[in-house]
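[1] just to be clear, the model below is a prediction. Sequence and coordinates:
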Amino acid sequence: MTGEAFIVAVPNVSALRALNYTPGIDKLRRPRGKLKPTRVGALAANIGGSFGSVFTRIDCETSLGVPLYSQTDTFAAEPEGRTIRRDAMPRPDQHRVHRWQILIAAAGQMAEGNLFGQSIIADARLTGGYCGPDTLALTFDPAGGDENLWTYAFLNTQLGLQAVRACAYGTSIPRLRPDLIADIPVPTAEPALRSRVCSAVRKAVEGRETYLREIKAARDVVERLPDMQKARAMCSRPGARSVWWEGALPTMTARSYAYAGEALSFLRGRWTARLRDAVAPTNVFRGGRITRVPCERPHGVDLYSQRDVFMIRPLPQRVVRPRGEDALLLPPTGALLMAGVGQVGPGMLFGRPELAEFFPPHAAITEVILRIVPRSEQRAALYAFLSTHVGQALVRSTAFGTSIPGIRQDLLLDLPIPSVSKRDTAAIETSLALATSARVSASAAEAEAIRIIEDEVLPAWLA
């Protein structure tokens with residue numbers, strides 16, 4: 001990164017740090033003919049919401065509380081969060097997420113690939129959940145109107161991100177100043193351009209909602225199996241667990257047997273199929289260790305971290321292409337990508353599966369991701385099962401280690417899996433195909449909205 005110097009036409013006396021300026025934003029404040037910029041504060045009906053509201057999180061059972069989304073959760077493909085008591089929040093209504101709100105990651109670090117300053121628009125995946133104090137929400141009236149969608153697309157341009165990060169204060173963990181956010185100038189454009197951008201953002205929101213709906217439909221096919229319903233009750237009981245185990249002991253780690261409660265023993269007795277029947281042992285592997293040397297386009301490759309693999313809009317780092325075999329670096333065709341390390345608990349990524357087709361075939365995937373390449377005819381049903389609550393409990397029962405557990409592949413391959421009928425398999429495959437198409441189309445639509453502003457709107461303003 002190189003330093004830069006520039007002249008500011010009108011210094012802001014309430015923000016005299018160099019960090020709080022960027023030359024592009026200073027240019028946006030000037031009218032361009034008949035077009036005049038509008039401040040975020042004039043467009044949004046409310047700025048802040050739950051931002052900065054400190055409270056004690058009181059965890060409780062799902063049926064008794066509400067989901068609290070961290071910054072990472074708001075950007076997740078399938079937000080989960082942690083369940084807390086609603087009355088633990090001083091002003092819960094201000095924390096509640098509404099469709100079309102723009103949610104900004106308002107605390108963190110500024111390096112490439114970090115969430116700080118990034119924006120996501122709330123769709124049905126997030127609606128009904130609650131944001132923590134590190135998320136700054138922009139609410140518009142009317143919600144989902146052109147001003148709402150246009151502002152979102154602009155804030156996701158490179159210049160928009162710089163403008164948001166220029167509103168930071170603090171050193172170790174910078175945070176955003178709502179008053180400076182309100183002062184960000186938003187460029188305007190001809191109605192035809194605005195219409196194209198807003199239509200693309202709407203398509204992205206609707207596509208992501210379709211994605212989640214179809215993913216859940218695929219999962220529900222497996223969840224409806226009678227044995228799955230009994231097993232879910234067994235592995236959903238809160239608190240410490242102890243189980244009576246009568247089988248062999250390939251490991252002395254109690255968690256490998258007790259984490260899933262009686263579900264592991266119950267399903268081993270009910271189902272004869274094992275994961276190794278759907279996946280050859282040689283088709284379960286982690287990537288090779290790689291060196292991360294930053295670079296800029298067009299050089300290098302995008303490197304997806306474990307967090308990126310499970311984000312609705314990943315933020316990969318650009319690095320020099322690591323040396324090594326493509327099979328250990330690139331996402332294998334037809335693979336399931338599983339979070340191979342992490343913490344064992346609700347809302348954690350550890351053990352979650354994802355479909356490889358959501359990532360470019362020439363992108364690099366971090367070595368901690370477990371690559372699972374199942375037989376093609378069993379892939380859809382296996383993904384649906386492993387992503388259920390029961391499947392996650394079984395996978396996490398294979399953990400070893402303490403601070404940062406990993407997955408024991410021999411125990412993973414020995415997990416019981418259900419036999420799914422051809423009819424149910426076809427239903428799962430149909431839903432996954434619709435989900436995949438919707439998510440890919442949504443990502444393309446959002447990228448197009450951002451591109452239009454960067455390539456067809458901003459050049460005239462920055463000239």
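    Looks like it arrived, so ask away.
[2] what are the boundaries of the strands in the stretch 101-250 of the chain?
    102-105, 119-121, 130-131, 135-139, 168-169, 175-176, 185-186 (DSSP state E, counting those that start in this stretch).
[3] need the CA coordinates for stretch 229-249. PDB is fine.
    The C-alpha coordinates for stretch 229-249 follow below in PDB (Å, rounded to 0.1, in the frame of the first residue of the first chain):
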ATOM      1  CA  GLN A 229     -37.300 -36.600  14.000                       C
ATOM      2  CA  LYS A 230     -36.400 -38.900  16.900                       C
ATOM      3  CA  ALA A 231     -32.700 -38.200  16.500                       C
ATOM      4  CA  ARG A 232     -33.300 -34.500  16.600                       C
ATOM      5  CA  ALA A 233     -35.000 -34.700  19.900                       C
ATOM      6  CA  MET A 234     -32.000 -36.700  21.200                       C
ATOM      7  CA  CYS A 235     -29.300 -34.300  20.100                       C
ATOM      8  CA  SER A 236     -31.200 -31.100  21.000                       C
ATOM      9  CA  ARG A 237     -31.300 -31.400  24.700                       C
ATOM     10  CA  PRO A 238     -29.300 -28.600  26.300                       C
ATOM     11  CA  GLY A 239     -26.600 -28.900  28.900                       C
ATOM     12  CA  ALA A 240     -23.900 -31.500  29.500                       C
ATOM     13  CA  ARG A 241     -24.500 -35.000  28.300                       C
ATOM     14  CA  SER A 242     -23.500 -38.500  29.200                       C
ATOM     15  CA  VAL A 243     -24.200 -41.600  27.100                       C
ATOM     16  CA  TRP A 244     -23.800 -45.400  27.500                       C
ATOM     17  CA  TRP A 245     -21.600 -46.600  24.600                       C
ATOM     18  CA  GLU A 246     -21.300 -50.300  23.900                       C
ATOM     19  CA  GLY A 247     -19.400 -50.300  20.600                       C
ATOM     20  CA  ALA A 248     -15.600 -50.100  19.900                       C
ATOM     21  CA  LEU A 249     -13.600 -47.200  21.100                       C
END
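[4] average pLDDT for that stretch?
    The average of the pLDDT scores along stretch 229-249 is 80.
[5] go ahead and confirm I104 touches T135.
    Yes. Taking contacts as CB atoms under 8 Å, I104 lies within contact range of T135: 6.9 Å. Quick note: C-beta positions are derived from backbone N, CA and C, even for glycine.
[6] wait, isn't S441 in contact with R208?
    No. Proximity of S441 to R208 does not meet the contact threshold set by CB under 8 Å, at 9.7 Å.
[7] so those two - more neighbours on which side?
    R208 (26 against 17; other CB atoms under 10 Å).
[8] what sits against that one?
    R208 makes contact with D123, A124, R125, I312, A438, R439, A442 under the criterion CB atoms under 8 Å, 6 or more residues apart in numbering.
[9] any chance of the residues you listed in CSV, with neighbour count too?
    Output for the contacts of R208, formatted as CSV (neighbours: other CB atoms under 10 Å):
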residue, neighbour count
D123, 22
A124, 14
R125, 23
I312, 23
A438, 21
R439, 23
A442, 24
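[10] would you turn the residues you listed into TSV with pLDDT?
    As requested, the contacts of R208 are exported to TSV (pLDDT from 0 to 100):
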residue	pLDDT
D123	96
A124	93
R125	92
I312	95
A438	97
R439	97
A442	97
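[11] need the helices for the stretch 151-300 of the chain, in chain order.
    158-165, 178-182, 191-223, 226-235, 255-258, 263-270, 275-278 (DSSP state H, counting those that start in this stretch).
[12] can you name every helix or strand that the second one contacts?
    It stands for helix 178-182. Judged by 3 or more CB pairs under 8 Å, 6 or more residues apart in numbering; DSSP states H and E, helix 178-182 is in contact with helix 40-43, strand 46-48, strand 135-139.
[13] pLDDT weak spots in the stretch 351-463 of the chain?
    Residues of the stretch 351-463 of the chain meeting the criterion pLDDT under 70: none.
[14] looking at the strands of the stretch 101-250 of the chain, which has the lowest confidence?
    For those, where the average pLDDT is lowest is strand 168-169, sitting at a mean of 90.
[15] partners of it in the sheet?
    strand 175-176 (antiparallel) (DSSP bridges).
[16] just the residues contacting the partner strand, thanks.
    F51, G52, I104, A106, A107, G117, D134, L136, V164, C167, A168, Y169.
[17] show me what the last one bridges to in the sheet.
    Here Y169 sits in beta bridges with R175, as judged by DSSP bridges.
[18] right, and it touches R177 too?
    Yes. Here Y169 reaches R177: they are 5.6 Å apart, a contact under CB under 8 Å.
[19] shared neighbours of the two, anything?
    A15.
[20] what about these two, which has more around it?
    More crowded of Y169 and R177, by other CB under 10 Å: R177, with 18 against 13.
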